[in-house]
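# need a 3D model of the sequence below.
(2 chains)
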Amino acid sequence: MASSSSSSLSRVVVKSSDNNLFVVNKKVASQSQLLKQCIDNMEEKGTNDVILIPLSNVTSNILTLVLEYCEKHADFADDDNNNQELKQWDHEFLKKFDYATLNSLTMAADYMVTKSLLNLCCQFIADSIKDLTVQQIRQIFDIKNDFTPQEEADIKNENAWAFR
Amino acid sequence: MVSVDCSDLVTNANNMAILPLKEMDDLEGDDRISELPDDIVLNILFQLEMKEAARTSILSKRWRYLWNNWPDLDFDHLKIIPECSNYEHLNPNETMKYLDWVNQIIKMHRGHSINKFRARLVFHERQVCDINISRWVKFALSKRVKNLELELPLSNPVKPDLKPSLLESGNNFLTCLHLSGVDVSGELLEFVLLECRLLERLFVKGSRTLERLKVASFKLKQLSILYCVPLEELEIDAVNLSYLDYAGRLTIQFKSFPSSLVEVTLHGGCVVAKVPICQQIAGFASQLSKFVLCFLMYIIPNPKDCVICNIPAKGLPCFSNLKFLELSHTPELMVDLPSITRLVGACPMLCEFKIQARVLEGLEPLEPASWGDIYIYDHSEAEDQIEYKPKALPSLRVFELVGFRGGDDDVNLVLTILDMAVQLHTVNKSCKEA
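Numbering: from 1, shown residues only, chains lettered A, B, ... in the order given. Next up, the predicted model:
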């Protein structure tokens, strides 16, 4: 492998925070700007070795999900026509997760600079809290109400138009 | 970064392998939205509606001021006042409520930049508004606003002092400026065009102080100049202009050829009044892909009359690349059938043809005095109708008729179009109470 005739890399190895290795082909990895940057840097140096990219913030279960997403999107990268199909897939993909997983996935997407996944997650979370009451949102996200009743009344008053 | 030998790794069919295979960790259940960093929480927040975002201020202290970074400030009067059919008779308190609403939110705003600032008022007291609007514009520009939109009732335009704000703003990030019911002068607009190098869209409607305007811009892509009554001179020098929307009685002077122009919307005044449609666009008719012709008139001499408009055959240019044609008219204002067939016949590549009868919204009316007689088409000028033989429309696929009333005129129109269109596969008719 070390002396392949091609000067560009075809695959990279990504290491999760819990020390699992993932072999990822370049097109898939390029969906993440972080991985893409690493690959570009190595290619500039003219290395033919497979590189290892450690991701200290992403556990393997979450990394699996990010890579699943990247793989699907890499498949569709050259294809504008299947937008609808991809959107459907995105939705089905996220629907499976609980909020805890969704949160970790969002953070991983942010860390790995996979902007489309980050926006997708944010949109999904936003859509799911849209119709909830303040109390429900607090419950689902475990947000502790640290206002006094007086403070709460003041805020309601301040933004009265939104609480009508 | 460490190099590893890839040959030891087992690759699965998807080119993705997990090695060594360890047990998946159980998903930790403690992560919650509040543990996300601020920029991600903001990203989530920005996907909500403004009202929903404002409600998050009550969740907890951490959330208290997050929403004050809101980047799309859209202040629509209609969202906070009770529904009613005639806004002119609304309690003046409703204007004060609106002003308080806007002022409160911009006072609390903490973001460095905003995408959009839109103020839409359905009625107001002018004196109160002028000063507030000047202040809002100043605020928006200080926040590096990209889209600045002021929509005020045309019957009562405001005259805010915008120039000082524009002068002070220094670095200008404005890409879209929309002024409806705002009295601006040509001098100010020319200043904006000169200073705001990123400006791509300019929309001016119902200014009573716009007399002369020279639009000179390299960046400008969309230009709308609508119902600016005193306008005596309009010159356009914008090579990248792709969309033009114009309602007025002047012939537009093009200083440079608008080679990027592909979409044009023309409104009543310039069609039925002094300047015939052909002259207005003859120079570039062949490059257009979309053309919309609006015969919209709010006040007609006698509401029971139906005014018939006519598009003369003489000098009608060939729209050799036109794909989409739309005719909009109010129910009282009809375009006669020979005119329609003539126009359609001049578009050999037409794919979609839409004709719609629109009822003007209460917010749109123009004062009759401001337009006088320029809107009224003079029947006597109609040329002798030569027997017109409809041309075939080989490319027409979609024909849409909105506001179909089933009268003889409508039926004739449908039959004529069906006769011309050999490839037609979709006919949409929607009937509205007219």
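
# anything in the helix or strand of chain A with the lowest mean pLDDT near chain B?
Using mean pLDDT, DSSP states H and E, helix A:134-141 stands out as the lowest-scoring helix or strand of chain A, at a mean of 85. Yes. Helix A:134-141 comes into contact with chain B (CB under 8 Å from any CB of the partner chain), by way of A:Val134, A:Ile137, A:Arg138, A:Ile140, A:Phe141. Just so you know, the C-beta spots here come from the backbone N, C-alpha and C atoms, and that holds for glycine as well.

# and of those residues, the nearest to B:Pro348?
A:Ile137 (58.0 Å; CB to CB).

# pull out the buried positions in stretch B:168-184.
For stretch B:168-184, a neighbour-count test (16 or more other CB atoms under 10 Å in any protein chain shown) marks B:169, B:172-184 as buried.

# ok, now stretch B:206-213?
Those would be B:Gly206, B:Ser207, B:Arg208, B:Thr209, B:Leu210, B:Leu213, for stretch B:206-213 by 16+ other CB under 10 Å.

# now do stretch B:338-357
Result for stretch B:338-357 [16+ other CB under 10 Å]: buried residues B:338-348, B:350-357.

# gap between it and the chain center?
23 Å (CA atoms, centre = their mean, to the nearest Å).

# ditto for stretch B:352-359
With CA atoms, centre = their mean as the basis, stretch B:352-359 stands 17 Å off its chain's centre.

# who's in contact with it?
B:296, B:323-331, B:340, B:344, B:396-403, B:405, B:413, B:417, B:432, B:434 (CB atoms under 8 Å, 6 or more residues apart in numbering or on different chains).

# can you pull out the strands in chain A?
A:11-15, A:21-25, A:51-54 (DSSP state E).

# next: the stretch 201-350 of chain B.
B:201-205, B:212-216, B:222-226, B:233-237, B:243-247, B:253-254, B:263-267, B:290-295, B:307-309, B:324-329, B:333-335 (DSSP state E, counting those that start in this stretch).

# between these, which one is closest to A:Ser104.
Comparing those by CB to CB, strand B:201-205 comes nearest, at 40.8 Å.

# what comes up buried for that closest one?
For strand B:201-205, by 16+ other CB under 10 Å, it's B:Arg201, B:Leu202, B:Phe203, B:Val204, B:Lys205.

# do stretch B:220-234 as well
B:Leu220, B:Lys221, B:Gln222, B:Leu223, B:Ser224, B:Ile225, B:Leu226, B:Tyr227, B:Cys228, B:Val229, B:Leu231, B:Leu234.

# got these as CSV, with distance to A:Lys96 and pLDDT columns?
Shown next, in CSV, are those (distance: CB to CB, whole Å; pLDDT from 0 to 100):
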residue, distance to A:Lys96, pLDDT
B:Leu220, 47, 96
B:Lys221, 42, 97
B:Gln222, 43, 97
B:Leu223, 48, 97
B:Ser224, 47, 96
B:Ile225, 52, 93
B:Leu226, 50, 87
B:Tyr227, 54, 82
B:Cys228, 56, 84
B:Val229, 60, 78
B:Leu231, 59, 85
B:Leu234, 58, 92
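
# which pair of those residues spans the longest distance?
Greatest spacing in the buried residues of stretch B:220-234, by CB to CB: B:Lys221 and B:Val229 (26.0 Å).

# for chain B, just list every one of the helices.
Under the criterion DSSP state H, helices of chain B are mapped to B:38-45, B:50-55, B:77-80, B:93-108, B:126-142, B:163-168, B:186-195, B:268-272, B:277-281, B:337-345, B:368-371, B:408-420.

# most tightly surrounded among those?
Of those, the one with the most neighbours on average (mean count of other CB atoms under 10 Å in any protein chain shown) is helix B:268-272, at a mean of 24.

# count of residues packed around A:Ser56?
8 (other CB atoms under 10 Å in any protein chain shown).

# correction: B:Arg397
By other CB under 10 Å, neighbour count at B:Arg397 equals 15.

# am I right that it is in contact with B:His425?
Yes. Using CB atoms under 8 Å, B:Arg397 is in contact with B:His425, at 5.7 Å.

# enumerate every residue touching the residue in the stretch 151-300 of chain B positioned nearest to chain A.
Per CB to the nearest CB, B:Glu151 is where the stretch 151-300 of chain B lies closest to chain A, at 18.8 Å. By CB under 8 Å, 6+ apart, the contact list for B:Glu151 reads B:Arg118, B:Ala119, B:Arg120, B:Leu121, B:His178, B:Ser180, B:Gly181.

# so how far is B:Arg118 from the residue nearest to the second one when sequence neighbours are not counted?
If you skip the residues right next to it in sequence, B:Ala119 has B:Phe75 as its closest partner in space, 4.9 Å away by CB to CB, 6 or more residues apart in numbering or on different chains. Here B:Phe75 is placed at a distance of 6 Å from B:Arg118 (CB to CB, to the nearest Å).

# how much space is there between B:Pro160 and B:Ile114?
The value you get for B:Pro160 to B:Ile114, if CB to CB is used, is 18 Å.

# including mean pLDDT, distance to chain B and mean neighbour count, could the strands of chain A go into JSON lines?
Listed next are the strands of chain A as JSON lines, based on pLDDT from 0 to 100; distance: least, CB to the nearest CB, whole Å; neighbours: other CB atoms under 10 Å in any protein chain shown:
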{"stretch": "strand A:11-15", "mean pLDDT": "89", "distance to chain B": "6", "mean neighbour count": "23"}
{"stretch": "strand A:21-25", "mean pLDDT": "92", "distance to chain B": "4", "mean neighbour count": "22"}
{"stretch": "strand A:51-54", "mean pLDDT": "88", "distance to chain B": "5", "mean neighbour count": "18"}
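
# what residues are up against B:Glu49?
If you count contacts by CB under 8 Å, 6+ apart, then B:Glu49 has A:Lys130 around it.

# how much space separates it from B:Trp70?
Taking CB to CB as the measure, B:Glu49 falls 10 Å from B:Trp70.

# B:Glu232 too?
Counting by CB to CB, the gap from B:Glu232 to B:Trp70 is 42 Å.

# and if you look at B:Val414?
If you measure B:Val414 against B:Trp70 using CB to CB, the figure is 49 Å.

# correct me, but B:Ser113 touches B:Ala140?
No. Counting by CB under 8 Å, B:Ala140 is not a contact partner of B:Ser113; they are 10.3 Å apart.

# where does the prediction get shaky in chain A?
Judged by pLDDT under 70, chain A has its weakly predicted residues at A:1-9, A:48, A:80-82.

# give me the most central residue, it.
By CA atoms, centre = their mean, the mean C-alpha position of chain A lies nearest to A:Ala109, the distance being 2.5 Å.

# could you list which residues are in contact with it?
A:Val66, A:Lys115, A:Leu117, A:Leu118, A:Cys121.

# count of neighbours near the fourth one?
Each residue near A:Leu118 was counted by other CB under 10 Å, and the total is 21.

# wait, it touches B:Asn43, no?
Yes. With contact defined as CB under 8 Å, A:Leu118 counts as touching B:Asn43 (7.0 Å).

# check the residue nearest to B:Arg208 when sequence neighbours are not counted and give its pLDDT.
Here the nearest residue to B:Arg208 in space, its sequence neighbours aside, is B:Asp183; by CB to CB, 6+ apart that works out to 5.4 Å. pLDDT, B:Asp183: 90.

# residues near residue 65, how many?
No chain was given, so I picked chain A. Count around A:Leu65 with other CB under 10 Å applied: 22.

# think we crossed wires, I meant chain B
12.

# re earlier: who's more crowded, B:Phe75 and B:Arg118?
Taking neighbours as other CB under 10 Å, B:Phe75 and B:Arg118 compare with B:Phe75 leading, 21 against 17.

# check contacts around that one.
B:Tyr98, B:Trp101, B:Val102, B:Ile105, B:Arg118, B:Ala119, B:Arg120.

# ok, now how distant is the closest residue to the third one other than its chain neighbours from B:Asn115?
Using CB to CB, 6+ apart and skipping the chain neighbours, the partner closest in space to B:Val102 is B:Phe75 (4.9 Å). B:Phe75 sits 14 Å away from B:Asn115 when distances are taken as CB to CB.

# so B:Ile417 makes contact with B:Phe399?
Yes. With contact defined as CB under 8 Å, B:Ile417 reaches B:Phe399; the gap is 5.4 Å.
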